[in-house]
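Chemist: output the structure for:
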Amino acid sequence: MDSISRMITEFSLDLYNKVNRTTECQNIVFSPMSISTSLGLILLGARNNTATQIENVLHVTNAAGTTSLESELEGAVPENKSELSQERESSSSLCNTDGNLNHEAFHALLLQLQNLGKDYVLSLANNLFIQQGFEPNQKYLTCSKELYRAALETLDFQRALEASRLKINDWVESETQGKIKELFAPGVIDSHAILVLVNVIYFKASWEHKFEEKNTVQRDFKLNQTESTMTYENLMLWFSSEHMFETTVEVYLPRFKLEDTFNLNEVLKAMGMTDIFTESKADLSALSSGESLVLSNIVHKAYVEVNEEGTTAAAATGATIVRRSLPLIEVFMADHPFLFFIRHNPTNAILFFGKFCSP
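Modeler: Numbers count the residues shown, from 1 in each chain. Model (predicted):
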């Protein structure tokens, strides 16, 4: 599982550093898990240089594991072992690709994230909204279902564009408990769309020790701090239990609510994923051998709320594919810009990544 988690972490740092260059004085929040899953679904349909560029953006070379699915699933608690065995056999035999991404390992991570305890809620869902009459390759549909549990729904973007957009947005809003509204603004999806891939993630948890609301007061927040570029090695050093020790800490955190929306086209191009947006170069032949396809838009929206009770977070990513055309107590006071993460500790997978610098 470490290989996939490292891939997601390195991708998230790249994305953060790109976005942060143009939003130095603004709050940022996004879900690396949601975006990575969407890119994994797109990668299933890509070939040749288009696929290589997506793999490079995702740092797939670090995730090209040699471990078996059995070892990747160690620690997962499947709801139905016979069903899991059938999924494993089916995906192993049919969905092996020539690429470097271990989709089965990604599948194992998603399974582990979906089988959690009762202490918090974490749900992920994928959906493929397909233009009526368009027929993707059956292998792509099968593998997207087996590996990413992607549902399939037929819409008519050509004759009922607005109704289709609203239906997709309603699904996203429902899956995120009302937190992500209007993922696709008017005009983002057009009548040339033949496939819209959507991933959503929703998280809610209470603090193990809740903050007393009566103790929440106004305090100063210092805005004159600057940040330096992070690296994977530094981040892992901060996370490492070897460099931590248990002690009593008096914690002061701001109560905040963040919502962020990104059109990721230009960011992903700057990271090296260019061919898939270019009509003359995009190769999505594994998705459809009978159509010449190009990625039109990939949008992402994230929401995080932290208060005295706990944390609620949600995110959605959508990609539109078109035809070409006390005794000594330590004090932790977050009264200046800081980074925050929501991480699944057993797998080290970063679910949400953010910067808070402006109350």
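Chemist: just the CA coordinates for the helix or strand where Thr37 lies, please, in PDB.
Modeler: Using DSSP states H and E, Thr37 sits in helix 32-44. Extracted in PDB, the C-alpha atoms of helix 32-44 (Å, rounded to 0.1, in the frame of the first residue of the first chain):
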ATOM      1  CA  PRO A  32      -5.500  14.400  -3.600                       C
ATOM      2  CA  MET A  33      -7.400  11.100  -3.200                       C
ATOM      3  CA  SER A  34     -10.300  12.300  -5.300                       C
ATOM      4  CA  ILE A  35      -8.200  13.800  -8.100                       C
ATOM      5  CA  SER A  36      -5.800  10.800  -8.200                       C
ATOM      6  CA  THR A  37      -8.700   8.400  -8.500                       C
ATOM      7  CA  SER A  38     -10.200  10.400 -11.400                       C
ATOM      8  CA  LEU A  39      -6.800  10.400 -13.200                       C
ATOM      9  CA  GLY A  40      -6.600   6.600 -12.500                       C
ATOM     10  CA  LEU A  41     -10.000   6.200 -14.300                       C
ATOM     11  CA  ILE A  42      -8.800   8.300 -17.200                       C
ATOM     12  CA  LEU A  43      -5.500   6.400 -17.400                       C
ATOM     13  CA  LEU A  44      -7.400   3.200 -17.800                       C
END
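Chemist: list the buried residues of it.
Modeler: Buried residues in helix 32-44, counted by 16 or more other Cβ atoms under 10 Å: 32-44. Yep, even glycine has a C-beta here, placed from its N, CA and C like the rest.
Chemist: could you do stretch 187-206 as well?
Modeler: Residues 188-189, 192-204 are the ones in stretch 187-206 that count as buried (16+ other Cβ under 10 Å).
Chemist: now the two most distant members of those residues.
Modeler: His192 and Lys204 (37.2 Å; Cβ to Cβ).
Chemist: which residue ranges of the stretch 151-300 of the chain form helices?
Modeler: Ranges of helices in the stretch 151-300 of the chain, per DSSP state H, counting those that start in this stretch, are 161-175, 232-239, 265-270.
Chemist: all strands for the chain, in order.
Modeler: Applying DSSP state E to the chain gives strands spanning 28-30, 120-131, 150-155, 193-206, 249-252, 256-263, 293-306, 310-323, 330-333, 338-344, 349-356.
Chemist: out of the ones you listed, which gets the lowest mean score?
Modeler: With a mean of 70, strand 330-333 has the lowest mean pLDDT of these.
Chemist: from the contact counts, what lies against that one?
Modeler: Applying 3 or more Cβ pairs under 8 Å, 6 or more residues apart in numbering; DSSP states H and E, we find strand 330-333 packed against strand 249-252.
Chemist: and the strand it packs on, which strands flank it?
Modeler: Sheet pairing for strand 249-252, assigned by DSSP bridges, gives strand 330-333 (parallel).
Chemist: mind giving me the packing neighbours of the longest helix belonging to the chain?
Modeler: Identified as the longest helix of the chain according to DSSP state H is helix 2-22. If contacts are counted by 3+ Cβ pairs under 8 Å, 6+ apart, helix 2-22 sits against strand 28-30, helix 32-44, helix 103-114, helix 232-239, helix 265-270, strand 349-356.
Chemist: relative to strand 310-323, how tilted is the last one?
Modeler: When axes from the mean of the first three to the mean of the last three Cα atoms, to 10 degrees is applied, the directions of strand 349-356 and strand 310-323 differ by 100 degrees.
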